[in-house]
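Student: A structural model of the following input is requested.
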Amino acid sequence: MPSQALTPDQKKDLTEIVKRLIAPGKGILVLDESLCAMDKRFSCLGIENTEENRRRYRQLFVTADGEISNYIGGVILSHEAFYQKCDDGRPFPDVIKSKDAVVGIKVDRGVVPLAGTNNETTTQGLDGLAERCAQYKKDGADFAKWRCVLKIGENTPSPLAIWENANVLGRYASVCQQNGLVPLIVPDILSEGNHNLKQSQFITEKVLASVLKSLNDHHIFLEGTVLQPNMVVPGHDCSQKFPPEEIAIATITALRNAVPPAVPGVAFTSGGQSEEDSITLLNVLNKCSLPKSWILTFSYGRPLQTSAAKVWGGRDSSAKMAQQEYLKQAKALGQASTGKYCPASSGRTSHTTESLFISVYISNSPKFNH
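Tutor: Residues are numbered from 1 along each chain as shown. Have a look, this model is predicted:
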């Protein structure tokens, strides 16, 4: 059913969700880590990766002080997290909504090898997606996430991989909108490799153009979507260093060449940047003088969580201090999303320049997702 069949009320509801999700000064907390990702995070902290410890960890962020409502417009949860509860018995989605944020749910079921390519992937989970979206909507979700993964190499991403992943994103978005969920469109181009900034911009434009064509082909109501791409950055192993201003110009130019103004907002992934870089680049992007028609904000996981997780370390006695660290980081990102970040007044700790890059940050197994 194409989106022309969406009723005016359905379109209005989707638009209202988007407005709350990416309101000025607000971004998205990504709290949908797979079991594999949580295992890596907890092993660094010396914490056993059990469901109860994962619940306690997520509770840190879900129950942060009410001030967080100024900076976080939405929280993306995994299936497990979506149905977990706080110590006092309140479901996570209810607590998130009480802080004026909307609840998101990761609905894909992980990446799988794409036949006929050189180790490229597509994302699975379309089977039964409509039923899952309807249930998640009934249980309190208002937006969804589906991540496709592409990698820049000598012969990648291939035309087949670009087309296949764009097509999957279009199909997913259509199902979401029919069920009242705002789809986050996530074509994630990994920062692995030694490609330079120019190569990254070229591939990003090619991928985004294909994705937006697919959304058009699937009759997606663009005003009821949020794009969640990577910033245009050089590969992690690139020997040449580029200043933030050049990265901002490359990123905004790629968006201007591929993304129509009907898309209301772009919530960038961090791509493994350090906490400091993820703030600085977002701030420079918003201060860039190039004309831009979209809200430019953040959809971050590790940059919002890493310092807080270190403070927490699995200790209930450190929970409040960890939440304060999370609040400082969220406030800084909120300022950066309007181009008003000031490092001197942020009050953040000094260890936030550590790189958060993880090689091949993907999981091929669906068991790591639900």
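
Student: Identify the residues contacting stretch 252-269?
Tutor: Contact partners of stretch 252-269, identified using C-beta atoms under 8 Å, 6 or more residues apart in numbering, comprise 15, 18-19, 21-22, 27-28, 184, 186, 188, 201, 204-205, 208-209, 212, 222-223, 225-232, 282, 285, 288, 290-300. From N, CA and C alone the C-beta is placed, and that goes for glycine too.

Student: Quick one: mark the members of those residues that sit in helices.
Tutor: Counting by DSSP state H, the part of those found in helices is T15, V18, K19, L21, Q201, T204, E205, L208, A209, L212, L282, L285.

Student: Out of the residues you listed, flag the one nearest to K328.
Tutor: K328 has its nearest neighbour among the ones in helices among the contacts of stretch 252-269 in L282, at 15.5 Å by C-beta to C-beta.

Student: Just the buried residues of the contacts of stretch 252-269.
Tutor: Buried by 16 or more other C-beta atoms under 10 Å: 18, 21-22, 27-28, 184, 186, 188, 201, 204-205, 208-209, 212, 222, 225-232, 282, 285, 288, 292, 294-300, out of these.

Student: can you confirm A267 is in a helix?
Tutor: No. Counting by DSSP: H, G, I helix; E, B strand; the rest coil, A267 is not found in a helix; it is strand.

Student: how near is the closest residue to it other than its chain neighbours to L77?
Tutor: Using C-beta to C-beta, 6 or more residues apart in numbering and skipping the chain neighbours, the partner closest in space to A267 is S299 (3.7 Å). Look at S299 and L77: by C-beta to C-beta, to the nearest Å, they are 13 Å apart.

Student: thinking again about what came up before, quick check: the residue nearest to A267 touching L227?
Tutor: No. Taking contacts as C-beta atoms under 8 Å, S299 lies outside contact range of L227: 9.7 Å.

Student: quick one: common contacting residues for these two?
Tutor: Here S299 and L227 have L184, A267 as joint contacts, going by C-beta under 8 Å, 6+ apart.

Student: Can you name the next helix or strand after whichever strand or helix holds T306?
Tutor: Here T306, judged by DSSP states H and E, is contained in helix 302-312. Tracing the chain past helix 302-312, the next element assigned as helix or strand by DSSP H and E is helix 319-336.

Student: List the contacts of that next one.
Tutor: For helix 319-336, using C-beta under 8 Å, 6+ apart, the contacting residues are 25-27, 29, 60-61, 63-65, 67-68, 70-72, 275, 278-280, 282-283, 286, 298, 300, 303-305, 307-309, 311-312, 341-342, 346-349, 352.
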